[in-house]
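[1] Could you look at this predicted model? Sequence included:
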Amino acid sequence: MIYLLTVVGNILIIVLVVTDQHLHTPMYFFLGNLSCLETCYSSTILPWLLASFLTGDRTISARGCIAQLHFFCSFAVSECYLLAVMSYDQYLAICQPLLYASFMTWKVSLQLATASWLVEFLISTVVTFFLSHLKFCGPKEIDHFFCDFTPLLELTCSDTSVVRLLAFTLSLLDIVFPFLLTLPSYLCIIAAILKIPSSIGRQKAFLTCSSHLSVVTVFYGTLIIVYMLPKTAQLRQLNKVFSFSYTVLTLLVNPLLYSLRTGRSRRP
């Protein structure tokens, strides 16, 4: 049910954005990209997981595991950068409304969205290339519900120091860097909202960005816990819970959050 609701919710958003002329704006263009991304994102993990539940067969081929990791990394990184782009769009709409039309043109919107998709492909290709050249001679049981990077490294008998250093560096580019791009936008947005004299104006401005802020908080919060904190035995089982949050639950909640507030004004 979670998978069906996730896919249907995101596809409905894509269809609405494409068919409704009133939604042909940069904000909804980015939202359509996010929905398309999350449809692919959820389809990378959940169908295989559901099949293993139904058939009882929990095996996956080595190539299938690497492919799952590649597409999972691709869509996760793309979402990080796309959320950063959407925060910049929110910043212009609230803090620089008079300049919004000149800054956020269709050409700029298309370039930002394309860059978000290309960055993820390049980074995930580098990770899977190095991982696929490791020798896996240890136990063949992955201590996770999908082929994630750290559980796979635990199965190899090769020297993983270079790969771990590469993964840490790329984690900074994948998670920390887009988060640092997102943070200033929301600091400026919050400062601008607090300066609005009327309570109704503050409430309207906050509702404009509340859904995106909620998505960013949950998504980045779980990612940082899973990938940036030390990998201790005490956190191992907890990491699975947080992994389930950003790979399954967040993708279900996102369409609901964005659908709650559709009448966002872009006019000053």
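    Here it is on my side, so go on.

[2] Tell me if I'm right that S78 and A115 touch.
    No: in this structure, S78 is not within contact of A115 by C-beta atoms under 8 Å, at 9.8 Å. Bear in mind the C-beta positions are built from the backbone N, C-alpha and C, glycine included.

[3] if I pick T222, what's in contact with it?
    When contacts are counted by C-beta atoms under 8 Å, 6 or more residues apart in numbering, T222 touches 242-243, 245-246, 250.

[4] Does it lie in a helix or a strand, and which?
    Secondary structure assigned from DSSP states H and E places T222 in helix 199-227.

[5] Low-confidence ranges, this structure, go.
    The chain contains residues with pLDDT under 70 at 138, 208, 228-236, 259-268.

[6] Run through the helices of the stretch 151-268 of the chain in chain order.
    161-171, 177-194, 199-227, 233-244, 250-260 (DSSP state H, counting those that start in this stretch).

[7] Who are the packing partners of the second one?
    Contacts defined by 3 or more C-beta pairs under 8 Å, 6 or more residues apart in numbering; DSSP states H and E place helix 177-194 against helix 62-95, helix 199-227.

[8] Now do the last one and helix 250-260, the angle between them.
    It refers to helix 199-227. 170 degrees (axes from the mean of the first three to the mean of the last three C-alpha atoms, to 10 degrees).

[9] picking up where we left off before, comparing S78 and A115, which shows the higher neighbour count?
    The neighbour comparison of S78 against A115 (other C-beta atoms under 10 Å) goes to S78, with 26 against 14.

[10] where's that one relative to E120, distance?
    Here S78 is placed at a distance of 4 Å from E120 (C-beta to C-beta, to the nearest Å).

[11] Once you drop chain neighbours, what's closest to the most centrally placed residue in the chain?
    By C-alpha atoms, centre = their mean, the chain has its centre lying nearest to E79, at 3.1 Å. The shortest distance from E79 to any non-neighbouring residue, by C-beta to C-beta, 6 or more residues apart in numbering, is to L37 (5.7 Å).

[12] contacting residues for that neighbour?
    75, 78-79, 82.

[13] Looking at these, spot the one nearest L23.
    L82 (17.4 Å; C-beta to C-beta).

[14] What about the nearest residue to that closest one once chain neighbours are set aside, how many residues nearby?
    Among residues not flanking L82 along the chain, S116 sits closest, at 4.4 Å (C-beta to C-beta, 6+ apart). Neighbour count for S116, taken as other C-beta under 10 Å: 24.

[15] So which bits of the helix or strand S116 falls within are buried?
    S116 is part of helix 106-132, with elements assigned from DSSP H and E. Neighbour counts over helix 106-132 (16 or more other C-beta atoms under 10 Å) mark 109, 112-113, 116-117, 119-120, 123-124, 127-128, 131 as buried.

[16] and what of stretch 48-58?
    So for stretch 48-58, counting by 16+ other C-beta under 10 Å, buried means W48.
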